[in-house]
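Q: kindly generate the corresponding structure for this input.
(chains A and B)
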Protein chains: 2
Amino acid sequence: MSQIFEQLMPYLEKHMALQTALALFDWDDATLAPKEAGEQTAKVIGILAEEDFLCLTNPEVKKILEKFEAKEGEEKEQAIIRKIKKSLRKTEAIPKEEKRAYAELQSKSQKAWQKAKKENDFSIFAPYLKEIIAYNKKFASYGSTKEQTGYDVLLDNYEETFPVEVLDIFFDKLKKELIPLLQKIQKQPQIEDSFLHQKYEIEKQKEFNRFLAEYIGFNFNRGVMAESEHPFTTSWHNHDVRITTHYYEENLASAIFSTIHESGHAIYEQGIEDQYTQTILGEGASCGIHESQSRFMENMIGRSRAFWVPIYGKLVELFPKQLKEVSLDQFVAAINRVQADEIRTEADELTYCLHIMVRYELEKLMINGEVEVEELPRLWNEKYQEYLGITPENDTVGILQDVHWSMGSMGYFPSYALGNAFAAQIYAKMQKEINVEEELSKGNIKAIREFLHQHVHQYGAFKEAREILKETTKEEFNPDYFIIYLKEKYKKLYGIS
Amino acid sequence: MSQIFEQLMPYLEKHMALQTALALFDWDDATLAPKEAGEQTAKVIGILAEEDFLCLTNPEVKKILEKFEAKEGEEKEQAIIRKIKKSLRKTEAIPKEEKRAYAELQSKSQKAWQKAKKENDFSIFAPYLKEIIAYNKKFASYGSTKEQTGYDVLLDNYEETFPVEVLDIFFDKLKKELIPLLQKIQKQPQIEDSFLHQKYEIEKQKEFNRFLAEYIGFNFNRGVMAESEHPFTTSWHNHDVRITTHYYEENLASAIFSTIHESGHAIYEQGIEDQYTQTILGEGASCGIHESQSRFMENMIGRSRAFWVPIYGKLVELFPKQLKEVSLDQFVAAINRVQADEIRTEADELTYCLHIMVRYELEKLMINGEVEVEELPRLWNEKYQEYLGITPENDTVGILQDVHWSMGSMGYFPSYALGNAFAAQIYAKMQKEINVEEELSKGNIKAIREFLHQHVHQYGAFKEAREILKETTKEEFNPDYFIIYLKEKYKKLYGIS
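A: You can find the predicted model right below:
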């Protein structure tokens, strides 16, 4: 370890420990904490978060970082320093008072959003959204560089090197190719899936989902599975990674695919090398790459026929009354059914990115100052009509459905769509090296997991997203793979020539 | 708030937040954390603990405390300052390097103890125990004052103002009164309790125990109940208090009485006033007072006939096959059965303090340097024979049974016995004000809980143990109440004149 890096270590270690504690409080809050604990526990969290902030913005850290120049030390140290420098530059670009005011706004804004959503009244949330936008515009201007201005600065918080210029091309392709495909599908007879909505006993669902997580590779000796309102993955380090699922008695597929999705995230986290875990490289390379791993498991693997060949019998065994008349093919068709609907988180694989597109386009307008907040619900509905062929029944299931904007997260959504495209590109490459269908049919997911481990998981954030994508697939980001994948899959499923 | 106190606040707040985080990690480790997470999570805990240590031993804190003189500020501030000063004096009495070496020893010693216990081989643990004793003797000498030396210094860590002088009288009384009583009981026909050891389905036990916790007053809106190997109570603040139970399929009583016991602790913590919670007064007045609340609920209340009058029917309803032939009186007799046995944690109410007495006497010898470690197993067994009339089958169920010494906790055990005596003294006073039997028979535990809340719970550690005992019972500590209570109860139960 270089001497300068050694001076930095105590700060990095403290930051890691405080981040871990904060993650544990988050997990606990979502899975277990009692109803009335919020206020007092928030005080604890506030103090720890402040402590963490002070730790990394300590003038001593700055001094050390300034001494550390480009090519010094091991590659790993360089990557850590690069990441901290960037994060500090972003943090320090925003004046402290504005950050505090913004934190307060975020808290109030989320409450207003909850109320607005509950009462189906956008006007309750509108003034807060206005302020959120104003702050984000300001933050974008503070964070501007020669290469990056406006919305690009916000996008960069979640996915580096995927600015508007790249995303516009990406979404334009999706628009051109997927909307006509969706329209064709909508003219076909719909796939029967009502059997997925019978009563499925929660206890048996739990048993199956635990089996499923393990089956695809979640290591329970290094992980925990619990329940929460909204499924998520979190981790303290590569030996303690946690996922949640939410069970619905009348929706068998919901828990199954959230378990596979979160397991995809979790296997990534469990696979990060020991040398990176508990450093700031001990996380996913980017939001998009993380999402590529979860969506890959959920869609490319979890919704494939071959995946279910060895395990559908187990599901039928658990639920004979509900599934004994349902063939494997009927089941696989049902879990791939396309249905343009209002809610993003329930969207199928094909329409999902169209939901994201609506949000991307509106965010761009907001940050560019090209839209009034009051116009947003109308625009939202028009875009849903144009892209998905439906108009949301009301704002609760329309523009108020997602928490992100109320939390101040602007620029996040596109990484969801990118994740899908990354996954398809990686899948295309994998298929050249592995007979995925054959392996899955034999119940051998290991070969697939090892490919991902070798190319993606082990590195954590040591390599950047573009680097991982390029080294894995031997080419630059190419959204065509995603479009080809979807067109092939859904044309076949719906018998479109 | 006084100005000086205000300067202290940031340190106190940070200490509180770090302590809360550490408690959360402990809870998580005991209830949920995956098997292989230990090493990495220990690193996090180590950093947070060190941070906490540095926070309170910050020279700035010392300066502020020196400025703060006796009668300044509100009473609450004075109590806080008193407590910190004492804790700092104790902490700083021990040189930093010794503290670090001791922490390492504790960790190694616990592992050695686990191995020794598993392999029934005291010699594995002996060298560590030797070192633990040497350190404790040294720490006792560092912490000595004019009033306090030797073992008294260690006792004071858990229970102030209950030195050897007081404890000797206490245990002598127990010895004189309880051993003959036990011997008489052992000549009586034994109470039948085999029905408590049939198969009791864990899921139904869980249902009943949850009901039970709520019935005696555990507030689930401010608390969580989970499972762990060894039952315990912990809390972050008065709005988040957590208890665990351990279920055994063939032991109905075990979970029931650990639930009542831990609920007794938890109701205390939930009842601490808002003004004290999240300060260093937001805990029990002492170990003994805390234990008095759990033992009171477990024994005086939970093992009384009146307690079961309104709820025994519910238990029979859940387990009709096992209990339909068992009358209320048979059940109550069984849960009060006296059985001199090897294991402290499974001891009945009468023999429990005799188990403690063995440990107290041996600790005294160890700290006074009046015994060689090698002699301890023999002495242990002789004392068990003398006091309980049994000789442990081996060291695993003898001297190796408890974790305490391996953790370096010396001086802790007596507070368990004191807790029982405090409980009996408080109970005697309560009975003068409340018809406890009548209230319990009506299912009204509220009256009892309110008495405890008014006299004990609300104050947290704002008042000291002796003060609470005296103000509640209008007299100084008097162990006679405990002896009278036990003699009356067990003479009646076993028909001894």
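Q: the residue nearest the centre of chain A: what's it in contact with?
A: Centroid-nearest residue in chain A: residue A:291, 4.5 Å away (criterion: C-alpha atoms, centre = their mean). Going by C-beta atoms under 8 Å, 6 or more residues apart in numbering or on different chains, residue A:291 touches A:415, A:416, A:418, A:419, A:420, A:422, A:423. Yep, even glycine has a C-beta here, placed from its N, CA and C like the rest.
Q: let's go with 7 Å and repeat that
A: Taking C-beta atoms under 7 Å, 6 or more residues apart in numbering or on different chains, we find residue A:291 in contact with A:415, A:416, A:419.
Q: show me which of these neighbour chain B.
A: With C-beta under 7 Å from any C-beta of the partner chain as the criterion, the contacts of residue A:291 include none near chain B.
Q: nearest to chain B among those?
A: residue A:419 (26.4 Å; C-beta to the nearest C-beta).
Q: what residues does that closest one make contact with?
A: By C-beta under 7 Å, 6+ apart, the neighbours of residue A:419 are A:288, A:291, A:292, A:295.
Q: and residue A:253, by the same measure?
A: Going by C-beta under 7 Å, 6+ apart, residue A:253 touches A:196, A:335.
Q: quick check: chain neighbours aside, which residue is closest to whichever residue of the stretch 201-350 of chain A sits closest to chain B?
A: The minimum distance from the stretch 201-350 of chain A to chain B, using C-beta to the nearest C-beta, falls at residue A:240 (3.8 Å). Closest residue in space to residue A:240, ignoring its immediate chain neighbours: residue B:37 at 3.8 Å, by C-beta to C-beta, 6 or more residues apart in numbering or on different chains.
Q: contact residues of chain A facing chain B?
A: Going by C-beta under 7 Å from any C-beta, the residues of chain A near chain B are A:13-14, A:17, A:20-21, A:24-25, A:28, A:32-37, A:40-41, A:43-44, A:47-48, A:51, A:220-224, A:236-237, A:239-240, A:277-278.
Q: so which of the residues you listed sit within helices?
A: Those of the residues of chain A next to chain B mapping onto helices are A:13-14, A:17, A:20-21, A:24-25, A:28, A:40-41, A:43-44, A:47-48, A:51, per DSSP state H.
Q: for those, which one is nearest residue B:429?
A: Closest approach between these and residue B:429, by C-beta to C-beta: residue A:40, at 32.5 Å.
Q: isn't the closest one up against residue B:222?
A: No: applying C-beta atoms under 7 Å, one finds residue A:40 not in contact with residue B:222, separated by 9.6 Å.
Q: shared neighbours of the two, anything?
A: With C-beta under 7 Å, 6+ apart as the test, residue A:40 and residue B:222 both reach B:239, B:240.
Q: the residue nearest to residue A:240: neighbouring residues, count only.
A: By other C-beta atoms under 10 Å in any protein chain shown, 23 other residues sit near residue B:37.
Q: that one: what's it in contact with?
A: Residue B:37 makes contacts with A:222, A:239, A:240, as judged by C-beta under 7 Å, 6+ apart.
Q: next one, pLDDT for residue A:71 please.
A: In this prediction, residue A:71 carries a pLDDT score of 67.
Q: in a helix, that's where the residue nearest to the centre of chain A is, yeah?
A: Yes: with DSSP: H, G, I helix; E, B strand; the rest coil as the criterion, residue A:291 is part of a helix.
Q: highest neighbour count among the ones in helices among the residues of chain A next to chain B?
A: Busiest of those [other C-beta under 10 Å] is residue A:21, holding 28 neighbours.
Q: what residues are up against it?
A: A:48, B:21, B:48.
Q: can I get those residues in CSV including pLDDT and distance to residue A:163?
A: Below are these laid out as CSV (pLDDT from 0 to 100; distance: C-beta to C-beta, whole Å):
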residue, pLDDT, distance to residue A:163
A:48, 95, 34
B:21, 97, 38
B:48, 95, 39
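Q: tell me which of the residues you listed is nearest to residue B:482?
A: residue B:21 (38.4 Å).
Q: of the contacts of residue A:21, which is the nearest to residue B:124?
A: Residue B:124 lies nearest to residue B:48 out of those, by C-beta to C-beta, at 31.3 Å.
Q: ok, that closest one to chain A distance?
A: Separation of residue B:48 from chain A (C-beta to the nearest C-beta, to the nearest Å): 5 Å.
Q: pretty sure that residue contacts residue B:20?
A: No: applying C-beta under 7 Å, one finds residue B:48 not in contact with residue B:20, separated by 10.2 Å.
Q: top of the contacts of residue A:419 by number of neighbours, please.
A: Most surrounded of those: other C-beta under 10 Å gives residue A:292, at 33 neighbours.
Q: my read: that residue touches residue A:424, true?
A: No: if you go by C-beta under 7 Å, residue A:292 and residue A:424 don't touch, sitting 8.7 Å apart.
Q: need the pLDDT of the residue nearest to the centre of chain A.
A: 97.
Q: could you do residue A:111 as well?
A: Looking at residue A:111, its pLDDT is 91.
Q: gap between the helix or strand harbouring it and the chain center?
A: Using DSSP states H and E, residue A:111 sits within helix A:96-119. Distance of helix A:96-119 from its chain centroid, counting by C-alpha atoms, centre = their mean, to the nearest Å, is 22 Å.
Q: give me the angle between whichever helix or strand comes after it and helix A:96-119.
A: Later in the chain than helix A:96-119, the nearest helix or strand by DSSP H and E is helix A:122-142. Angle of helix A:122-142 versus helix A:96-119, following axes from the mean of the first three to the mean of the last three C-alpha atoms, to 10 degrees, is 150 degrees.
Q: how far out from the middle of the chain is helix A:122-142?
A: 23 Å.
Q: buried residues, it. List them.
A: A:122, A:124-126, A:128-129, A:131-133, A:135-137, A:139-140 (16 or more other C-beta atoms under 10 Å in any protein chain shown).
Q: quick check: the gap between residue A:455 and residue A:472.
A: When C-beta to C-beta, to the nearest Å is applied, the distance between residue A:455 and residue A:472 equals 4 Å.
Q: any common contacting residues for these two?
A: When contacts are counted by C-beta under 7 Å, 6+ apart, residue A:455 and residue A:472 have no shared neighbour.
Q: just the strands in the stretch 201-350 of chain A please.
A: Taking DSSP state E, counting those that start in this stretch as the test, the strands found in the stretch 201-350 of chain A are A:223-227, A:233-237, A:240-245.
Q: tabulate those strands (TSV), appending mean neighbour count, distance to residue B:211 and mean pLDDT.
A: Conversion of those to TSV gives the following (neighbours: other C-beta atoms under 10 Å in any protein chain shown; distance: least, C-beta to C-beta, whole Å; pLDDT from 0 to 100):
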stretch	mean neighbour count	distance to residue B:211	mean pLDDT
strand A:223-227	19	22	97
strand A:233-237	23	33	97
strand A:240-245	26	27	97
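Q: packing partners of the helix or strand where residue A:362 lies?
A: Element membership of residue A:362 [criterion: DSSP H and E] is helix A:352-367. With contacts taken as 3 or more C-beta pairs under 7 Å, 6 or more residues apart in numbering or on different chains; DSSP states H and E, helix A:352-367 sits against helix A:122-142, helix A:151-156, helix A:164-187, helix A:376-388, helix A:413-433.
Q: for residue A:184, which non-adjacent residue is spatially closest?
A: Using C-beta to C-beta, 6+ apart, the closest residue to residue A:184 is residue A:496 (5.2 Å).
Q: okay, now the one you found: neighbour count?
A: Neighbour number of residue A:496 under other C-beta under 10 Å is 13.
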